[in-house]
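Enquirer: give me a model of this one.
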Amino acid sequence: MDMRPKPEPAQERLISTLKQALLLGGDILRRGAKKTLCVSYKSPVSPVTQVDVASEKAIIRAIRSRFPDHGFLAEESDFQRRGIRKKAQPGRWRWIIDPLDGTVNFMHGIPQSVVSIAVERGGVVLAGGVYDPFRRELFLAARGKGATCNGRPIHVSSNKDFLRSLLITGFPYDRKTNADLYLSLIRPFLKKGIDIRRFGAAALDLAWIACGRADGYWEYHLSPWDVAAGALLVEEAGGVVTDFQGRPFNVDSPIETLATNGYLHASLQHIIKKTLALK
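Expert: The predicted structure follows:
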């Protein structure tokens with residue numbers, strides 16, 4: 001047996017594989033949007049279609065062909081449906097995949113769905129991307145190398161005026177039982193006259209923070225595949241990603257996700273913390 005350590009995959013090879021996988025999944029989404037969908041439910045509010053499954057299988061197959069020794073954390077895989085979620089391990093490469101983020105939008109013919117893929121090692125996301133096949137926008141980031149959209153550098157917004165900000169949020173799957181909590185987090189912003197949007201695809205929300213289309217985003221109870229790539233995009237575009245308490249982003253436990261252009265982070269975090277303290 002050859003006991004010599006395996007060579008590190010070059011960053012260029014990781015990025016080219018990432019790009020190939022994103023475009024492959026996006027092509028499946030674009031073609032699948034024209035077909036009759038077969039819908040099943042992982043929970044009463046969490047649907048999955050044959051397009052989710054086909055995209056994931058194709059993506060994993062493409063990555064495995066180049067990195068057969070890498071691991072995966074993918075939303076629709078059998079091990080995930082059984083509730084098994086392997087966390088980051090020292091020295092272990094892992095691809096974190098959402099083959100179709102925004103399934104409810106997709107089911108209703110709303111072109112607000114994306115493919116999201118990140119690759120991490122030891123809990124550190126090293127590269128990630130989000131592909132919007134309906135707008136043909138490919139967002140890519142590599143740690144320490146910046147972020148791009150269709151090959152052009154992107155940056156978070158330069159807005160420092162909190163009252164003129166545009167914010168994005170989302171409603172978790174437990175919204176039926178925790179509606180009062182999630183509504184309470186919206187109220188203080190509305191009372192200040194601040195605009196809020198809810199688009200329904202967390203990975204794309206974060207990509208739009210990264211390219212400056214909105215200034216801040218928060219959401220509860222996301223999964224690693226929702227945010228692994230998007231969080232890196234925001235950070236590499238000059239923004240900040242933490243939990244609601246200001247602690248660093250943890251790819252395995254994104255229970256609270258707060259992403260901003262940096263200038264407005266303290267203001268947004270203060271209002272959220274103050275609101276939660278009253279609950």
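Enquirer: please make it C-alpha for all contacts and neighbour counts, starting now.
Expert: Noted.
Enquirer: show me the helices in the protein, by range?
Expert: Secondary structure of the chain by DSSP state H: the helices cover 11-32, 50-66, 78-81, 103-107, 179-191, 202-210, 224-236, 265-277.
Enquirer: now the ones you listed in a markdown table, with mean neighbour count?
Expert: Compiled in a markdown table, the helices of the chain are given as follows (neighbours: other Cα atoms under 10 Å):
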| stretch | mean neighbour count |
| --- | --- |
| helix 11-32 | 19 |
| helix 50-66 | 18 |
| helix 78-81 | 12 |
| helix 103-107 | 19 |
| helix 179-191 | 14 |
| helix 202-210 | 29 |
| helix 224-236 | 29 |
| helix 265-277 | 15 |
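Enquirer: which residues of the stretch 151-279 of the chain score low on pLDDT?
Expert: Along the stretch 151-279 of the chain, the model assigns pLDDT under 70 to residues 279.
Enquirer: export the helices of the chain to JSON lines and tack on distance to residue 118?
Expert: Shown next, in JSON lines, are the helices of the chain (distance: least, Cα to Cα, whole Å):
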{"stretch": "helix 11-32", "distance to residue 118": "8"}
{"stretch": "helix 50-66", "distance to residue 118": "12"}
{"stretch": "helix 78-81", "distance to residue 118": "17"}
{"stretch": "helix 103-107", "distance to residue 118": "19"}
{"stretch": "helix 179-191", "distance to residue 118": "28"}
{"stretch": "helix 202-210", "distance to residue 118": "11"}
{"stretch": "helix 224-236", "distance to residue 118": "5"}
{"stretch": "helix 265-277", "distance to residue 118": "24"}
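Enquirer: so which of those is nearest residue 244?
Expert: Set against residue 244 and scored by Cα to Cα, the helices of the chain come closest in helix 265-277, at 6.0 Å.
Enquirer: report all helices and strands that the closest one contacts.
Expert: Judged by 3 or more Cα pairs under 8 Å, 6 or more residues apart in numbering; DSSP states H and E, helix 265-277 is in contact with helix 179-191.
Enquirer: what does the helix it packs on contact?
Expert: With Cα atoms under 8 Å, 6 or more residues apart in numbering as the contact definition, helix 179-191 has outside contacts at 171, 175, 195-196, 271-272, 275-276, 279.
Enquirer: can you list those in JSON lines and add distance to residue 54?
Expert: JSON lines is the format used below for those (distance: Cα to Cα, whole Å):
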{"residue": "171", "distance to residue 54": "26"}
{"residue": "175", "distance to residue 54": "28"}
{"residue": "195", "distance to residue 54": "37"}
{"residue": "196", "distance to residue 54": "33"}
{"residue": "271", "distance to residue 54": "41"}
{"residue": "272", "distance to residue 54": "38"}
{"residue": "275", "distance to residue 54": "42"}
{"residue": "276", "distance to residue 54": "40"}
{"residue": "279", "distance to residue 54": "42"}
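Enquirer: the closest residue in space to residue 92 that isn't next to it in sequence bridge partners, please.
Expert: Residue nearest to residue 92 in three dimensions, not counting chain neighbours: residue 121, with 5.5 Å by Cα to Cα, 6 or more residues apart in numbering. Judged by DSSP bridges, the bridge partners of residue 121 are residue 93, residue 124.
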